[in-house]
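# build me a model from this:
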Amino acid sequence: MPSPQFFDPPQKSPMDPVQNLADNGTMDKVNGGPKSSKTENLLNKIDDAVASAQDPKGVVSTVVQPVKMLLESSGAMKAIEAGLNSFMEDIPWLMKGLDEVARIHPVVTVAVLAFKAVYNMELTRRENDKRIRALYIEMKDMMAVLIQLRDVKDTNDVGPDGKTIEARLQALIKQTAEDIKDCANACDTYAKKRLLVKVLKGYSWEAKLVAFVGTFTKRRTDFEQALAIHTARAVEAIHGDVHIIQASVDAVNAKLELFTRLFETFVPKELTTMKEKVKEKGDITIVLSSEAALRELNDFENSLDIQHKNDRSKKRSDFTMKDLREELRYDFETSVRKNLETFAGKFELYQRQLKDELTKTINDANNRILTAVKEGPHDKIRNSELKLIWKEMNWRRNVKARLFVMTLRDHFREKVQEIKLIAASDAESSREQSRTDDWALEYISVTWLQPIMEAFDDDGSGYITITEVNQFTESLPTELGWSSQHWIAYWAVGFQLAATKYKEKIEHILALMYGLRSRLLPENHYWADYYLRKVWSSVVEITAGLQTPDLPDHLEAKFEPYISHEEERIRKNLQDIRFDIDALDTVYVVAGPGRIEKHLLALIYLLLDRDLKLFRIAQTKILHEDELWDSADSLLWVTDSAVIRVHDLADLYEQQKMDVDAQLKTVACGLFSNLQDLSEIWSTTNTNTQHFPYTVSNEELDANGPDAELETLLNYPLPTEYPLSTFVYETKDEVTASPDSSQPQAPMFGQWSGYVYTQDEFPEFLVWSWIFEAVPDDENAFQASGVDYDADPYTLKGHYSQAENGVIEAEFIITYESGYATEYYKGHLDEAGSFTGFKGVDENVSEDNHSSLFIFRRISPEIMVHRPSPMELASNKYRALWKFALEAVVTQTRRRLWSWSFFRERRDLRKRYIELNIRLWEFGPPLDEEERAAFLHMLSIIPKHFDFECDGCKQPMGGGRLICLDCRSDAPQLWQTVDFCADPRCYSASVTQEQRYYLEKPHVPTHDLVKIRTFVQWGDLPALDQTARAALQHCRQRMVASVETPSEEPKDAESSAGSEDVSGPKSQSVHSEGATEAPATDDVFRCFACHTVTELPCWYCTQCTDCVICDSCEAKSLLPCVTCSEPFVQPSWYYGSNPKDNFMCNVCSVKGLDPPAEMQKDCLHTYLHPLVRCKERIDDPVEPPEPTTEDRLILLESCVRSIQESLGDKFGSMETALCSLQQTMSALMAKLESRSNGHAV
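Numbers count the residues shown, from 1 in each chain. So this is what the prediction gives:
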C-alpha cells in the first residue's frame, strides 16, 4: 500500500514517548510495517477496493476482476501459504504501535486488549491450522489501521461534522472487541471438534468462519473512513453512491471467494485422511444415516491417536458412538454458545493480565526521562543493584549464566562484609546488617548453581539477557519486601522445598481418592475410574522424578509468604475459569508468565484439591457425567504442558550437543526426568511401592466438607432426583377432530406412530409416537411435545394445507431444549392414509435435499413395530401384510389378557435392549445384522477398562476383563498386557507376536487368566499378579487332593442345595436354619452359589478362602442367599459395596426375614473380587536352548563325519557299479568278437 501523507509533526518534546520512538527508528518500522508478503498485497488490494471512494467502476475493473483471475492461477495459494507462515514475525511491531496508540487514545484499549489476548492464545496453540491463521491475518490487518491514530495527538480533536475522535470511535471499538472475541471463540470451538465432526459438518462450520472475513473487512473500512476525517488523508468529505457500494460489495465477495478457496486448499493432513476415509463410505448424507458407517469411522478416528500400547496416548478419551451422535446433533450456534461459557472466563483472564502489562508499559513510557547520550546497556536494567553489577562488569546485552551467578555470589558476600566492618561502631549499620539476609548467602553458591541459572535463564540458552534479568526481578511481589539475595535463595533451595511439600500433598490427595473409590455411588464409578486412570499415571510420572532436598526445617518458614502468595494467585485464576482448563493456552494464562515448571505442582495440587471435594460429594450425590470428565481433562492439559516443555528442552539440548537424559535429570529438580522415557518408571522390575505408597485412615476418609460448597464447586447442576423414566409407558387420550370440524383439519389430528429410515436401513432409529393437537387461533397448525430417547425435551410445530389435487400436505420441525440441531420434516398423506415424506437438516428439505425418509401411521407404537418396511412391501406385499396381521393380533390379544408371556417378553426384550445398547454406544463386539435393534438410552454403571482393547474382537472393553498371567511375565512394561473381554469366543483365541510385539512367545488358550470386573490401575497390577498366582496355585493343589480322595456325592441336587457350603468365602458358611447338611470334607470343592461339587475348569476367588464358582453361576453372577441358601442374581454391578446390601434373595426380603446375626458382610464374596480361571495346567512346549559354540563345533564335526561316511559309502557303491559295468562291457565285447570270428569262418 502507498504510504499516506501526514501533517507536519509537532515540535519535539523531551517527554514525548512517541517522538522517542521516532528518534530511535521504531516509528519508522511501524510506519512501514513489516515487509509485505504476496498474501497481504493481494488482500490489501481487495481491502483498498472496499474502502475506496473514488472511481468505483475503475475499482471493479482494475482490482476485483484481476483478483478473480488470480484465484485461478496455480501460484496464488503458494503465495498465501508463504504469508501465513510469516504471520507471527509481523506481530511484534504491530503490538508496539498499538501500545503507543492506547497510551495516547485510551478509547482503543478495549480492542487492543482483545486483539492481544487472541494473539497470545494463537501463540500457544500447538495445532497449525492455516485456515484459522488466515482469519487472524484479517484481524491483524484490521487492527493495523488504528496505528494512524498516532498522528492525532489530541483526544478531543473535532472533525468536520463536530464529533470528537473519541466519540466517533467509542461504539465502533467496542463492537470490534466483541467481533474479535466472537471470532476467537468460534475458532476455539472449531479446534476442539473431532476430525469426523469437522468432515461431516465441515461445510456449515467453514462457511460461518469465512463470514468473519467479511466482518473484519467491514470494520477495517469503518476505521479507515472514521480516521480519514481526522488525518491528512481526508482531502474531501466522503460521499457514497450506488456505484461505490456495489464496488465494495464486489470486492468483499471476491475476498470471501478467496478465503473459501483457501479453506478448501489448506486442509490439515489428518483432516484429509479422515475425508478420504469418509469418501470411501459414500456421500456425507449416506454416512450420517448409516449407523454402521459412523461406528467404523468413529473407531478409525480413535485408532489414529493410539498407535502402539508402548506409546502411551495422552488422549482425553476414546469417543463412543454416543459421544459422536451427541456432537453431531449440535449446530454451529449451539456449539459456540456452549463453548463461550468456558472461553469467556479464559478470555477475561487474558485481558486482565494484559491490562496490567499495558498499564505498566504506559507508566514506564510516561516516567522515562530521555537522555541525549545513553551510558550503556546496563541502563535498561530496572533493579538498581543488578544494574550496578552489570555496569561494573562491563557486560553488554548478555552474559554466560555461570559467570553471572558466580559474580552475584561475590557481590553479595562483599556487601555483607562491608556492612559487618562498620556494624560494631554504628547502630544504624547494625540495623542494616540485620536486613542483609546474610543467611541466604550460603545458598548463592556453586552447590546451587543449576537452579539459580534456571531462575534467570528462562529460555535455557545458557546465556542471561537484560530482558531476563528484568523479568526475574519484577516477578518478585513487591508486597513481600524481600531483598535480592532472599529472592535468589528462594530459587536456589526454596523452590525445591515448595515442590516437595506439594508432592506430599498431591500423593495424599490421590490416596484419599483411592480410599473413597469404594464408597462412591455406583452411578459415579464410571467417571471416577476414568478420572483416576487418566490422572494418576500422568501425575505420578512427574512427581516420582522430584529430588527430595536435605535442608534445615526452618528454611520453609522463610519462603512460605511467597508460596502462599503464588498459590492464592493461581487459585483465583482457576476460580475465574471455574477450574475448567480446556486448552493448552489456558494452562499458561492460569499459571502465569515464565517457565511452566515454576508453578506446575502448585497448579496440579489446586486442581486435585478441588477434585477431592467432588469425590466426597460423589458418595451421596450423582454427579453430572461431564463433571469428572472436565476435571480429568484440566489435569491432562497441565501434564501435557510439562511434556511439551520436555520436548522443547530436549530439542535445545540436542542443538547444544548435550546429553539430553542427563540434563533432564537435573533441570527443575528432576521433575522432568521421567517424561522423556517412560520405560523405566513403568517397568515391571520397578517396585510398585515406589510410586504408590499411599495409606490413609478411616477418619480422613470420613471427613466431608460443608454442603454449602456445592454451588461453588460444581460446574454442572446436580439432578434433584432420579425417578424411573416412565414417560414411555404413559398413555394419553387420543385427540380427534371435533364432529363439526371441516377438512383438511381432521386428518392430521390424533395419534401417529412411525419410523425414520433410509433406502438401505429400516428403521434408522427408535419408533416415534406423537399426538398432534390443534394450535389455538391457528386452524392450519398442529403441535406436539415429548422427550426423546436421550431424555431431552423437545417441541414439535407444524402446519398443513390441501393442494389443488386434494392431497393433504404437511411439514413440521422438531426443536430440542438442549440446543441439538433442529430437524425438518415435509410430506403428504398417501392413498393408504400414511403420512410419508422426507427428513432433512435444513428448512429446504425436499426429494432432492434430504437425509432420510419417514412413514407414520395412525396406529399405536406397539402395532407399528410389526409393520413391514416399504422395501418388504415392494418385495412381497401380500406375504408381508399377512405376517403383520398375525403379529398385530397376537400382540393385542396378549396385551388385553395381561398374560404372563406378554410381560415376560417385555422384560426379556428390555434386558436385551440394554445389552445391545451398551455394545452399540459404549464398548464390546459390534452388533451383527441379527442383533441390530432399536436403541434404548440408560444410565450405564458398568465399568470401562479405559485405553485397553480386547485382543480377540479388537473392541474397547467394559464389564469383565481377563488378563493373561503367563504373558504378564514376558512384558517389560506394566501396561503391556494381553487382554480379553468376557466373551468366551475371545478369551479362547490365540495372540501372535505380530499382534503384540512385546510378547516373547505367542499367547495360547491354555494360559492362565485372571478376571476382573472393576477398573485396575497400572500400579495395582503387580499386587494383582501376586495374589492371582498364589490363589491359582492353592486351587490346583486342593483340586488335585480332592481328585485323589473323592468324597461321597449327594444323591440329588435338592440335598446338595440344602447342604452346608464348606467352601464359602473366608470359611463363612451360608445355609438355611434347620437344613440338612450333606457330609463334606476339606477335600471337596463345592460351588459357592449352587453348592454342587465343582470340577475343573472353574473360577476361584483371589480374595476369599476356598471360594470356587462353577461356570454356570459365574456367567449368571449368582450369589447364595444368606438365609435360605438359594442362588439369586446379583442385583447390581457394585452389589456388596453399599452398606444397605443384605445379600438376601427377593423372596426372603419380601418375607421380612433378617440376615443371620453372625453374618459379616466384609467376609462375603461379591463379583467385584478378582477370579482366576482354574484348569489343568498345560505348559507351553519348551524350546531347546540355544547351542553353545562348543556344541555347534561338535555338531558341525558330526555332520562332516556323517557326510564323509555317506560319501565313502557312495564312492564304494559307485566303484562296485563301475566294476560290474566293466565286466558287463567285457562280456559284450567278447560276444561280439566271437560272432565276428564265426562269420569270418
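# next, count neighbours for the nearest residue to Glu348 once chain neighbours are set aside.
Once flanking residues are discounted, Glu348 sits nearest to Asp576: 6.8 Å by C-beta to C-beta, 6 or more residues apart in numbering. In this view, the C-beta of every residue, glycine as well, is placed from N, C-alpha and C. Look at Asp576: counted by other C-beta atoms under 10 Å, it has 16 neighbours.
# going forward, begin numbering at 32 instead of 1
Sure thing, new numbering starts at 32, so read that last one as Asp607.
# hang on, Asp607 packs against Thr373?
No. In this structure Asp607 lies outside contact range of Thr373 using C-beta atoms under 8 Å: 11.2 Å.
# and the next helix or strand past the least confident helix or strand in the chain by mean pLDDT?
Lowest on mean pLDDT, DSSP states H and E among the helices and strands of the chain sits helix 1084-1088, with a mean of 36. Sequence-wise, the next helix or strand downstream of helix 1084-1088 (DSSP states H and E) is strand 1129-1132.
# next one: the next helix or strand after that following strand to chain centre, how far?
Going down the chain from strand 1129-1132, the next helix or strand is strand 1139-1140, by DSSP H and E. Distance of strand 1139-1140 from its chain centroid, counting by C-alpha atoms, centre = their mean, to the nearest Å, is 40 Å.
# for the record, mean pLDDT for whichever helix or strand comes after strand 1139-1140?
Per DSSP H and E, the first helix or strand lying C-terminal to strand 1139-1140 is helix 1142-1147. Confidence for helix 1142-1147, expressed as mean pLDDT, is 88.
# ok, stretch 681-694 next?
Rounded mean pLDDT across stretch 681-694 is 88.
# start and end of that stretch, how far apart?
Distance across stretch 681-694, first residue to last, is 9 Å (C-alpha to C-alpha, to the nearest Å).
# before we move on, what about stretch 1045-1061?
OK, stretch 1045-1061 end separation, C-alpha to C-alpha: 20 Å.
# what's in contact with it?
560, 563-564, 567-568, 571, 713, 715, 719, 722-723, 974-977, 992, 994, 996, 999, 1005-1006, 1008, 1039, 1041, 1043, 1133-1134, 1199, 1201, 1203 (C-beta atoms under 8 Å, 6 or more residues apart in numbering).
# so for it, what gets flagged as buried?
By neighbour count with 16 or more other C-beta atoms under 10 Å, stretch 1045-1061 contains the buried residues 1045-1053, 1055-1056, 1059-1060.
# which ones among these are found in helices?
Among these, DSSP state H puts Leu1052, Pro1053, Leu1055, Asp1056, Ala1059, Arg1060 in helices.
# tell me the buried residues in stretch 542-554?
Quick answer for stretch 542-554 (16+ other C-beta under 10 Å): Ala542, Leu543, Met544, Tyr545, Gly546, Leu547, Arg548, Arg550, Leu551, Leu552, Pro553, Glu554.
# next: stretch 1139-1154.
Val1139, Ile1140, Cys1141, Cys1144, Glu1145, Ser1148, Leu1149, Leu1150, Pro1151, Cys1152, Val1153, Thr1154.
# what's the neighbour count on the closest residue to Trp799 other than its chain neighbours?
In this structure, Trp799 finds its nearest non-sequential neighbour in Gly785, 6.0 Å apart by C-beta to C-beta, 6+ apart. By other C-beta under 10 Å, 22 other residues sit near Gly785.
# name the helix or strand for Gly785, please.
Short version, using DSSP H and E: Gly785 is in strand 781-788.
# gap between the closest residue to Thr651 other than its chain neighbours and Val1047?
If the residues on either side of it in the chain are set aside, Thr651 comes closest to Leu552, at 7.3 Å by C-beta to C-beta, 6+ apart. Going from Leu552 to Val1047 by C-beta to C-beta, to the nearest Å gives 20 Å.
# and for Thr509?
51 Å.
# same check, this time on Met544
Met544 is 15 Å from Val1047, by C-beta to C-beta.
# hey, where'd the strands end up in the stretch 282-431 of the chain?
Here the stretch 282-431 of the chain has its strands, by DSSP state E, counting those that start in this stretch, at 429-431.
# quick one: low-confidence residue ranges for it.
282-287, 320, 336-350, 389-406 (pLDDT under 70).
# if we go to 50?
337-347, 400-405 (pLDDT under 50).
# now the helices for it?
All helices of the stretch 282-431 of the chain, identified by DSSP state H, counting those that start in this stretch, fall at 300-312, 315-319, 322-335, 352-360, 363-398, 415-423.
# closest one to Ile612 among these?
Within these, the stretch nearest Ile612 is helix 363-398; the backing value is 8.6 Å (C-beta to C-beta).
# which elements pack onto the closest one?
For helix 363-398, the packing partners by 3 or more C-beta pairs under 8 Å, 6 or more residues apart in numbering; DSSP states H and E come out as helix 118-135, helix 140-155, helix 196-223, helix 233-259, helix 586-607, helix 615-622.
# may I see those helices organised as TSV, with mean pLDDT and distance to Thr504 added?
Below are the helices and strands packed on helix 363-398 laid out as TSV (pLDDT from 0 to 100; distance: least, C-beta to C-beta, whole Å):
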stretch	mean pLDDT	distance to Thr504
helix 118-135	78	21
helix 140-155	85	23
helix 196-223	88	33
helix 233-259	84	39
helix 586-607	93	14
helix 615-622	90	20
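# tell me the mean pLDDT over the helix or strand harbouring Leu1224?
Using DSSP H and E, Leu1224 sits in helix 1220-1271. Here helix 1220-1271 scores 80 as its mean pLDDT.
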